[in-house]
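**Student:** Give me the fold of what follows.
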Amino acid sequence: MRYVCLGYIAEGNWDSLPEAEGQRMLEECFAYDDELRNGGHFLGGEALDSSRNAVTLRMKNGQVDVTDGPYAETKEVLGGILLLEARDLNHAIALMSKHPGVKMGPFEIRPADEQTNKLIAQRDAAFSNKEN
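**Tutor:** Numbers count the residues shown, from 1 in each chain. Okay, here's the model as predicted:
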């Protein structure tokens, strides 16, 4: 099964780390990601830029309203996404419990919606075939 792991971080905590400590934390995360790769569990991921550079879109009175930053007012913001292959949720929890990123903030682990993702993959394939 595929799981989406959403890593949250208090940006102020990250910003206040000495550069060497931040680099060490990144290297620990990269090394563990490599362990996940070696086990066939790492499917991909993306680190996100600061939420200060984000916008939120929502419908307001039939128009798209754009506001700066994330919609939720919280100390912790989404910092990155990791796609994981695991046997089940307990296996995903066991794998992510060892991730050094958990030291910086919580991870939300959510099963991928396999049924909808299958439909998306079919549409992607059909679109690719149109272009060729």
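
**Student:** in this structure, which helix has the most residues?
**Tutor:** helix 19-38 (DSSP state H).

**Student:** What lies in contact with that one?
**Tutor:** 14, 17, 42, 45, 82, 84, 95, 98-101, 103-104 (Cβ atoms under 8 Å, 6 or more residues apart in numbering). Every residue, glycine included, has its C-beta placed from N, CA and C.

**Student:** Can you mark which positions in it are buried?
**Tutor:** Neighbour-count burial for helix 19-38 flags M25, C29, Y32, D33, L36 (criterion: 16 or more other Cβ atoms under 10 Å).

**Student:** wait, which of these is closest to A125?
**Tutor:** Checking the buried residues of helix 19-38 against A125 with Cβ to Cβ, the nearest one is L36 at 27.1 Å.

**Student:** Distance of the closest one relative to D15?
**Tutor:** 27 Å (Cβ to Cβ, to the nearest Å).

**Student:** Show me what the helix or strand hosting G45 is packed up against.
**Tutor:** Element membership for G45, per DSSP states H and E: strand 42-47. If contacts are counted by 3 or more Cβ pairs under 8 Å, 6 or more residues apart in numbering; DSSP states H and E, strand 42-47 sits against helix 19-38, strand 76-85.

**Student:** I'm done for today, thanks for sticking with me.
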